[in-house]
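# output the structure for:
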Amino acid sequence: LFKDGKYCPICLAVYKGSDVGMIQCDKCRFWLHARCDGLDADGLGRLGEADAYSCPNCRGERTYTLMSQVLAELQKEDRDKFFGEPVTVEYALATQYHSVVDRPMDFGTMKAKVDVRAYGDVQLAALSGFRDDFALICKNAQAFHRPNERVHLVAKRLLKSGFKRIDTTFPWLKADL
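Numbers count the residues shown, from 1 in each chain. This is a model prediction of the structure:
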């Protein structure tokens, strides 16, 4: 059921069609427990049929929390820690890294940006910047390393699985880009 998207995006509990007290977000189309958005029976009843409802994720209330969680998962997938920290000055000078890579990026820099909310307050712009920085990590590695090198192969795999994770966590993002 989880793979089918039949889970509350707030508490991540799988639900069945017979569950009561559920509300569907008009933006991401996920169903969530009303209680997960602080709505009791009265609050749920006050939402009229004509009222558009947006869940806490779509309202942007949890954007940075979710970005932090996604980033932690992406870092776990980098088992060899290729992308955890910026390229050292010594390595960059010895390999002429900056002649190939104009805009370096790494998970440590992304984490620092998430921690200080440097991606901005506009949800779509923040998520687009986050997604772009992640792609930059992988594309830099693919541009600098030869296709048969482990770093290149890991970056290629990570890009695919990372986009899937980002798109699963922020399902409305892909449609809005």
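
# the helices in this protein, which residues?
41-46, 63-77, 89-95, 97-100, 107-115, 123-144, 150-169, 171-176 (DSSP state H).

# buried deepest among those helices, which one?
Stretch with highest mean neighbour count among those: helix 123-144 (a mean of 19; mean count of other Cβ atoms under 10 Å). For the C-beta atoms, the positions are set from N, CA and C on the backbone; glycine is no exception.

# report all helices and strands that it contacts.
Contact partners of helix 123-144 among helices and strands, from 3 or more Cβ pairs under 8 Å, 6 or more residues apart in numbering; DSSP states H and E: helix 63-77, helix 97-100, helix 107-115, helix 150-169, helix 171-176.

# going by mean pLDDT, which of the helices of the chain comes out lowest?
In terms of average pLDDT, helix 171-176 trails the rest of these, at a mean of 64.

# chain center to stretch 65-76, what's the gap?
Centroid displacement of stretch 65-76 relative to its chain, using Cα atoms, centre = their mean, to the nearest Å, is 7 Å.

# can I get that stretch in CSV, CA atoms only?
What follows is stretch 65-76 as a C-alpha-only set of coordinates in CSV (Å, rounded to 0.1, in the frame of the first residue of the first chain):
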residue,chain,number,x,y,z
THR,A,65,12.0,19.5,7.7
LEU,A,66,11.3,17.3,4.7
MET,A,67,14.3,18.6,2.8
SER,A,68,16.5,17.7,5.8
GLN,A,69,15.0,14.2,5.9
VAL,A,70,15.5,13.7,2.1
LEU,A,71,19.0,14.9,2.3
ALA,A,72,19.8,12.5,5.2
GLU,A,73,18.5,9.6,3.0
LEU,A,74,20.5,10.8,0.0
GLN,A,75,23.6,10.9,2.2
LYS,A,76,23.0,7.3,3.3
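
# what comes into contact with that stretch?
Stretch 65-76 is contacted by residues 57, 84, 107, 110-111, 114-115, 119, 126-127, 130, 134, 158, 162, 165-166, 169-170 when judged by Cβ atoms under 8 Å, 6 or more residues apart in numbering.

# quick one on the thing from earlier: out of the helices of the chain, nearest to V20?
Among the helices of the chain, helix 41-46 comes nearest to V20, with 9.7 Å by Cβ to Cβ.
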